[in-house]
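[1] here is my input, please return the structure:
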Amino acid sequence: MNEKRMEYVGFWSRVGATLLDWLILWLLSLPFLLFSGNFFFFEDSSFIHSNFWFSALPPAIYVILFWKSSWQGTPGKRMIRARIVDAKTGNPATLLQCIARYLCYFVSVVPLFLGIIWVALDSKKRGWHDLIAGTVVVREKKKSEIVEFSEAKAEDALQEDVFMHMPPPEKPEDNIPPEDPKPNDSI
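    Below you'll find the model as predicted:
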């Protein structure tokens, strides 16, 4: 990876990507929750244990598989051009790092989201889950664009055209700028 062209992805970009991923996961899990019959009521403790397979395992598989894929991130991260890589080498994160990173989200969230907020404070924009798993979230730097304004360009061309077609001065002294007035020493 060309490190000169990469930048760390900040807090708000990552929050936006996560919200998009939550929406996708919710839409994907909605049919399973409706199929289970207890979408709104959690009275039965056996439902909670059996619902684990529909509510906790699919998101883990979804996230880890996307992190390990050629995208190196979930669809939300893909939308912001972000990738999860090994913090030391910049290579794609290993499967073990992806699993550790996912499980460490709980470590980041439990103490009042401090591990997530840490992304905003860390110089490399790492949350606790990144620090523990040895990962970092990066993306290619945006290239600077040359912005051209069509009307401004036309005005510049007009000014250059006017300047270029000015008649030369009649006397050579007219080319010399006037001297600054000397201060009056008689004060």
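
[2] buried residues of the longest strand along the chain, list them for me.
    The longest strand of the chain (DSSP state E) is strand 135-140. If you call a residue buried by 16 or more other C-beta atoms under 10 Å, then strand 135-140 has these buried ones: 135-139. The way it works is simple: take the backbone N, C-alpha and C, and place the C-beta from them, glycine included.

[3] average pLDDT for it?
    Regarding strand 135-140, the rounded mean pLDDT is 95.

[4] stretch 66-81 now?
    Mean predicted lDDT for stretch 66-81 stands at 95.

[5] do stretch 11-25 as well
    94.

[6] can you pull the buried residues of it?
    Buried residues in stretch 11-25 (16+ other C-beta under 10 Å): 11, 13-14, 17, 20-21, 25.

[7] export the residues you listed to TSV and tack on secondary structure?
    Formatted as TSV, those follow (DSSP: H, G, I helix; E, B strand; the rest coil):
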residue	secondary structure
11	helix
13	helix
14	helix
17	helix
20	helix
21	helix
25	helix
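
[8] will you turn those residues into a markdown table that also has distance to residue 67?
    Shown next, in a markdown table, are the buried residues of stretch 11-25 (distance: C-beta to C-beta, whole Å):
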| residue | distance to residue 67 |
| --- | --- |
| 11 | 19 |
| 13 | 17 |
| 14 | 13 |
| 17 | 12 |
| 20 | 15 |
| 21 | 11 |
| 25 | 14 |
